[in-house]
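Asker: need a structure here:
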Amino acid sequence: MSSHTSRRRFLKTAAAGSMAGLGDWSFLSRLDPVSAAEARLDTGSVQFRPEIEPTVRLLEETPRARLLEEVAARIRAGLSYREVLTALLLAGVRNVQPRPAVGFKFHAVLVVNSAHIASLSSPESDRWLPIFWALDEFKSSQARDVSEGNWTMPAVNESAVPSAENAKKAFTDAMERWDESAADTAVAGLARAAGAGRLLDLFAYYGGRDFRSIGHKAIFVANSWRTLQCIGWQHAEPVLRSLAYALLNHRGEANPAESDLAADRPWRRNLELIAKIRPDWQAGEPSSEATSELLATLRSGSDKDACDAVVDILNRGVAPQSVYDALLVGAGELLMRQPGIVALHAVTSTNAFRYLYQACGRDETRRLLLLQNAAFLPMFRQAMHGRGRVGDARIDQLEASRPAGDDANMLAGIFGQISSDRSIAASKMLGYLDDNRDPKALIDAARRLIFLKGTNSHDYKFSSAVLEDFYHVSPEWRNRFLATSVFNLRGSGDADNSLVNRTREAFNA
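Answerer: Sure thing, here's the model as predicted:
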């Protein structure tokens with residue numbers, strides 16, 4: 001692509017963004033855009049690149065106030081998108097401990113894939129923005145980790161790493177016993193002996209095992225796997241070691257293998273319940289009525305009620321897609337009922353469960369993930385009661401308000417309303433989508449506002465999840481699902497984040 005063509009395309013995109021009140025993006029033209037081909041997986045790129053360790057050290061050692069400028073200079077000198085993404089993930093897992101819970105400062109690792117998804121889904125001219133935001137987030141988390149003891153992932157105990165033929169059994173035994181040291185050496189053996197496809201089912205199985213960390217364990221499994229697909233399996237070992245360590249977190253409780261703790265009970269029950277699902281459960285027919293039925297259970301039932309309802313629906317010959325429609329839409333409805341951190345994680349963890357469910361190949365794991373996702377939503381709802389009033393809004397009763405004007409004015413109205421009245425914004429967004437307007441234009445505008453206004457990792461995690469899952473919900477439900485996103489998206493009237501000017505300056509240097 002010629003530089004003249006690239007600049008013309010950029011200016012056209014920037015002008016379209018300005019029409020929706022999304023700000024001035026001309027500073028990005030100083031860096032070459034990231035092509036879609038570069039940002040996606042290159043299946044031929046399987047060797048470890050010698051320059052990755054120095055790039056990781058650059059991220060680790062450069063002061064936060066200078067990192068964006070240093071990385072921008074390296075990019076101008078030829079550092080690639082994939083090298084930056086790789087270094088970002090590896091720096092996170094080496095320097096940020098996934099304790100005391102899989103969240104908090106560890107969001108610097110959890111958010112890498114969310115930033116990558118935002119990058120992939122953006123116009124070429126915008127693709128560095130979420131990555132630069134994630135670089136700054138890493139430095140913030142690194143500083144917090146230093147203040148909390150300066151944890152660094154130690155070298156693996158090579159003398160205890162099991163042989164290739166014994167690694168899987170050693171790993172599953174350690175995970176069942178909740179034995180951190182044994183799991184660490186076993187996962188190193190697994191990473192060296194097995195490929196991504198063989199291990200995904202194992203980690204997905206344990207990622208959905210318990211409700212501790214409000215879904216972050218499943219989120220870490222899904223997001224780390226998706227990032228490894230881009231950066232290459234040769235980087236898997238430290239990532240999987242961090243992942244195993246995170247999955248075994250139980251916040252100082254008694255050993256779950258020897259206890260009957262609330263966070264583990266749905267899993268133990270579902271291990272038995274999956275045997276009651278008919279063998280051809282994936283061959284059912286879609287049913288919007290079954291989706292509504294499961295939604296009703298999710299609104300007031302227990303985790304047990306939700307899982308029993310899923311089994312009953314599947315055994316009646318209903319397609320799993322209709323179950324996932326209810327889970328995704330039900331998570332969005334929770335956000336309508338109490339916007340905030342708990343409901344937000346109902347959405348992001350359901351996104352992770354859905355990804356793992358679709359990516360796994362083992363039938364038992366898929367059934368377990370489906371039931372665990374169903375169990376988690378009532379548990380999220382119950383957790384919300386500890387944070388104040390939970391409303392009674394229903395997604396199927398949301399009324400559409402059809403905005404006036406052309407598409408640009410409609411979008412400006414929707415995102416302006418988010419900053420003042422999110423309920424009105426939800427009605428306007430539903431009206432826009434029901435009027436068969438272009439959902440991509442709306443989604444692109446939402447992402448740009450995250451780049452411009454987002455202030456924390458949840459902005460990226462949530463927006464990447466909900467904007468992606470719009471396309472995974474059946475057509476009769478997807479517009480309502482996306483309308484719930486306004487309860488945690490950024491509006492055009494929100495203040496710009498402080499990182500925007502720093503990014504402009506880094507690009508203009």
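Asker: Can you point out the buried residues in stretch 377-390?
Answerer: Neighbour counts over stretch 377-390 (16 or more other C-beta atoms under 10 Å) mark Leu377, Pro378, Met379, Phe380, Arg381, Ala383, Met384, Val390 as buried. (C-beta placed from N, C-alpha, C; glycine too.)
Asker: Quick check: mean pLDDT of that stretch?
Answerer: What stretch 377-390 shows for mean pLDDT is 96.
Asker: First-to-last residue distance for that stretch?
Answerer: With C-alpha to C-alpha, to the nearest Å as the measure, stretch 377-390 spans 14 Å from end to end.
Asker: can you give me the offset of the helix or strand hosting Glu289 from its chain's centre?
Answerer: Counting by DSSP states H and E, the element that carries Glu289 is helix 288-300. Relative to the mean C-alpha coordinate of its chain, helix 288-300 is positioned 25 Å out (C-alpha atoms, centre = their mean, to the nearest Å).
Asker: any idea how this protein splits into domains?
Answerer: The chain is divided into the following domains under automatic domain parsing: 3-147, 264-387.
Asker: So what's the gap between the shortest one and the chain middle?
Answerer: So that's domain 264-387. 18 Å.
Asker: And it, end to end?
Answerer: 23 Å.
Asker: Which helix in the chain has the most residues?
Answerer: Using DSSP state H, we find that the single longest helix of the chain is helix 363-384.
Asker: who are the neighbours in contact with Ala465?
Answerer: Ser114, Val347, Thr348, Thr350, Asn351, Ala352 (C-beta atoms under 8 Å, 6 or more residues apart in numbering).
Asker: Just the buried ones from those residues?
Answerer: Neighbour-count burial (16+ other C-beta under 10 Å) applied to these gives Ser114, Val347, Thr348, Thr350, Asn351, Ala352.
Asker: so what pLDDT did the second one get?
Answerer: Model confidence at Val347, given as pLDDT, is 98.
Asker: and what of the fifth one?
Answerer: Among the per-residue scores, Asn351 holds a pLDDT of 98.
Asker: right, and it touches Phe462 too?
Answerer: No: with contacts counted by C-beta atoms under 8 Å, Asn351 stays clear of Phe462, the gap being 9.0 Å.
Asker: hey, C-alpha coordinates of stretch 322-329 in PDB?
Answerer: Provided in PDB are the C-alpha atoms of stretch 322-329 (Å, rounded to 0.1, in the frame of the first residue of the first chain):
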ATOM      1  CA  SER A 322     -30.400 -20.800  22.700                       C
ATOM      2  CA  VAL A 323     -28.800 -21.500  26.100                       C
ATOM      3  CA  TYR A 324     -25.900 -19.200  25.300                       C
ATOM      4  CA  ASP A 325     -28.300 -16.600  24.100                       C
ATOM      5  CA  ALA A 326     -29.900 -16.600  27.600                       C
ATOM      6  CA  LEU A 327     -26.500 -16.600  29.400                       C
ATOM      7  CA  LEU A 328     -25.100 -13.700  27.300                       C
ATOM      8  CA  VAL A 329     -28.300 -11.700  27.400                       C
END
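Asker: what does the average pLDDT come to for it?
Answerer: 98.
Asker: now what about it, what contacts it?
Answerer: Under C-beta under 8 Å, 6+ apart, the answer for stretch 322-329 is 284, 286-288, 290-295, 298, 310, 313-314, 350-351, 353-354, 357, 370, 373-374, 377, 395, 469, 472-474, 477, 480-481, 484.
Asker: at 6 Å what do you get?
Answerer: 286-287, 290-291, 294-295, 310, 350, 373, 395, 469, 473-474, 477, 481 (C-beta atoms under 6 Å, 6 or more residues apart in numbering).
Asker: what's the answer for stretch 295-302, then?
Answerer: By C-beta under 6 Å, 6+ apart, stretch 295-302 touches Asp305, Ala306, Ala309, Ala326, Gly330, Leu377, Pro378.
Asker: and if we set it to 8 Å?
Answerer: So stretch 295-302 is contacted by 305-306, 309, 326-327, 329-330, 333, 374, 377-378, 381, 394-396 (C-beta under 8 Å, 6+ apart).
Asker: From the chain's centroid, how far away is whatever helix or strand comes next after the longest helix of the chain?
Answerer: Next along the chain after helix 363-384, taking DSSP H and E as the criterion, comes helix 407-418. Once both centres are worked out by C-alpha atoms, centre = their mean, helix 407-418 turns out to sit 26 Å from its chain's centre.
Asker: Buried residues, helix 407-418. List them.
Answerer: In helix 407-418, counting by 16+ other C-beta under 10 Å, buried: Asp407, Ala408, Met410, Leu411, Ala412, Gly413, Ile414, Phe415, Gly416, Gln417, Ile418.
Asker: cool, stretch 291-302 as well?
Answerer: Judged by neighbour count using 16+ other C-beta under 10 Å, the buried positions of stretch 291-302 are Thr291, Glu293, Leu294, Leu295, Thr297, Leu298, Arg299, Gly301.
Asker: The buried ones among the contacts of Ala465 in helices, which ones?
Answerer: Members of the buried ones among the contacts of Ala465 lying in helices (criterion: DSSP H): Ser114, Val347, Thr348, Thr350, Asn351, Ala352.
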